[in-house]
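> below: sequence and its predicted model.
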Amino acid sequence: MTHVAVLPGDGIGPEVTAEALRVLDALGIDHTEHPFGGNAILAQGTPLPEATLAACRAADAVLLAAVGLPELEGQPVRPEQGLLALRKELGVYANLRPARAGRIDLLIVRELVGGLYFGAKGTRDDGTWFDTCEYSRPEVERIARRAFEIARERGSRLTSVDKVNVLHTSRLWRDVVTELGETEYSDVPLDHALVDSFAMTIVNAPESIGVVVTENTFGDILSDVAAAVTGGLGLAASASLGDGGPGLFEPVHGSAPQIAGQGIANPAAMLRSLALMLHHGLGRPDEASALERAVDDALEAAPTGDLGGDSTTSGMGDAVLRSLDVHA
């Protein structure tokens with residue numbers, strides 16, 4: 001039986017997760033909940049308890065809500081450390097960040113477990129602080145292949161984003177992507193862009209973009225820019241995939257503790273993350289498409305306050321389930 005490990009997280013996490021669980025139940029998908037993030041730190045002293053990690057490894061997919069609690073800011077053990085550790089433990093190196101609105105339908109494929117966020121860091125005796133950006137050829141090859149395959153599936157151009165005029169790692173990045181494009185994916189149109197000018201393209205001409213592949217730090221920043229252009233982080237979903245084992249699916253927004261418990265959080269990003277899970281994690285593309293359409297319908301029929309409406313979190317969930325019945 002298909003099984004999903006669910007990590008409700010912190011702040012508004014449990015509220016938006018509740019709407020996703022209603023959809024899982026409607027689709028007959030088995031699931032269990034596990035502690036993770038700030039609440040796990042408060043209860044067990046660690047953001048990623050061993051039992052939670054074991055449950056994630058054993059699952060077919062992991063659905064994760066936001067993490068972060070204000071009372072833990074500046075503490076030596078933080079919720080975000082659990083997120084980085086979970087990504088590393090599951091080997092999910094490819095982060096998919098779609099951005100859709102009107103004629104805009106772009107997808108950023110971000111390398112997730114290398115670069116500055118995982119390189120050596122520290123402080124030297126002279127007081128210098130440093131972070132190291134490192135990439136190996138196999139790391140670039142595997143994320144590039146994933147992006148080429150997705151671009152081929154979508155019938156889209158692939159744009160590889162780097163900073164080759166400044167960064168040494170970008171020279172490796174461009175060489176590897178160019179080589180793969182010429183030898184294995186000659187049917188996929190490929191171009192290259194520098195990260196600074198490409199950020200302007202996202203803002204000024206997002207409809208011209210298909211699939212994008214880039215390294216960890218650039219992908220983190222550019223995907224948030226793309227989210228802002230297409231409605232904000234409250235609508236942005238993500239999927240993190242490896243070559244085997246469960247994928248990790250999560251909304252991009254934070255835990256928003258200032259509105260937690262009020263029943264007004266927008267669950268759209270969580271539900272779109274669930275749709276990505278259905279497609280990329282569980283092999284149920286028809287149900288994924290039906291859920292995507294249902295969320296789009298609900299955003300029109302029952303928007304929450306952040307979108308100018310007056311629906312509650314559960315009210316939007318009700319609208320999604322009604323629409324899902326129509327599209328299923």
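In hand now; what should we look at?
> residue ranges in the stretch 1-150 of the chain under the pLDDT threshold?
Judged against pLDDT under 70, the stretch 1-150 of the chain has no low-scoring part.
> for residue 51, grab phi and psi.
phi -70, psi -40 (degrees, to the nearest 10).
> actually residue 240, not the one I typed
phi -120, psi 120.
> can you tell me which residues contact the residue nearest to it when sequence neighbours are not counted?
Setting aside the residues directly before and after it, residue 240 is nearest to residue 92 in space (C-beta to C-beta, 6 or more residues apart in numbering), at 3.8 Å. In this view, the C-beta of every residue, glycine as well, is placed from N, C-alpha and C. Shown in contact with residue 92 (C-beta atoms under 8 Å, 6 or more residues apart in numbering): 112, 113, 240, 241, 242, 247, 248.
> what about stretch 55-66, how long is it end to end?
18 Å (C-alpha to C-alpha, to the nearest Å).
> centre of the chain to it, how far?
14 Å (C-alpha atoms, centre = their mean, to the nearest Å).
> how close does the residue positioned nearest the centre of the chain sit to residue 43?
In the chain, the centroid-proximal residue (C-alpha atoms, centre = their mean) is residue 238; its distance is 2.4 Å. Separation of residue 238 from residue 43 (C-beta to C-beta, to the nearest Å): 26 Å.
> ok, now residue 291?
32 Å.
> what segments of this structure are helices?
With DSSP state H as the criterion, the chain has helices at 13-26, 38-44, 50-58, 79-90, 137-154, 168-183, 195-204, 216-229, 268-276, 285-301, 313-327.
> how about the last one: buried residues?
Neighbour-count burial for helix 313-327, with 16 or more other C-beta atoms under 10 Å as criterion, is recorded at 313, 315, 316, 317, 318, 319, 320, 321, 323, 324.
> now the longest one
Within helix 137-154, the residues that qualify as buried by neighbour count (16+ other C-beta under 10 Å) are 139, 140, 143, 144, 145, 146, 147, 148, 149, 150, 151.
> could you dump these to JSON lines with distance to residue 226?
As requested, the buried residues of helix 137-154 are exported to JSON lines (distance: C-beta to C-beta, whole Å):
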{"residue": "139", "distance to residue 226": "23"}
{"residue": "140", "distance to residue 226": "22"}
{"residue": "143", "distance to residue 226": "18"}
{"residue": "144", "distance to residue 226": "20"}
{"residue": "145", "distance to residue 226": "22"}
{"residue": "146", "distance to residue 226": "18"}
{"residue": "147", "distance to residue 226": "15"}
{"residue": "148", "distance to residue 226": "20"}
{"residue": "149", "distance to residue 226": "21"}
{"residue": "150", "distance to residue 226": "15"}
{"residue": "151", "distance to residue 226": "16"}
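> which one among those gets closest to residue 175?
residue 140 (8.6 Å; C-beta to C-beta).
> how much space between that closest one and residue 109?
As judged by C-beta to C-beta, residue 140 and residue 109 stand 12 Å apart.
> check residue 143 too.
7 Å.
> residue 51 now?
32 Å.
> between these two, which is the more surrounded one?
residue 109 (26 against 11; other C-beta atoms under 10 Å).
> for the closest residue to the more buried one other than its chain neighbours, what are its contacts?
Leaving aside its sequence neighbours, residue 109 sits nearest to residue 147 (C-beta to C-beta, 6+ apart; 4.1 Å). For residue 147, the contact set (C-beta under 8 Å, 6+ apart) comprises 94, 109, 158, 160, 211, 212, 213.
> can you pull up the bridge partners for the first one?
In this structure, residue 94 has the following beta-bridge partners (DSSP bridges): residue 111, residue 241.
> OK, contacts around it?
Contacts of residue 94 (C-beta under 8 Å, 6+ apart): 109, 110, 111, 112, 142, 143, 146, 147, 240, 241, 242.
> check the third one too.
Contacts for residue 158 (C-beta under 8 Å, 6+ apart) come out as 147-148, 151, 181, 185, 188-191, 210-213.
> with distance to residue 256 as added columns, please give those in TSV.
Below are the contacts of residue 158 laid out as TSV (distance: C-beta to C-beta, whole Å):
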residue	distance to residue 256
147	31
148	36
151	34
181	41
185	40
188	38
189	39
190	39
191	37
210	31
211	30
212	27
213	30
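> out of the residues you listed, what pair is the most spread apart?
Greatest spatial distance among the contacts of residue 158 (C-beta to C-beta): 185 and 212, at 15.1 Å.
> who has more neighbours, the two?
Using other C-beta under 10 Å as the criterion, residue 185 and residue 212 rank with residue 212 on top: 29 against 19.
> understood, closing this out.
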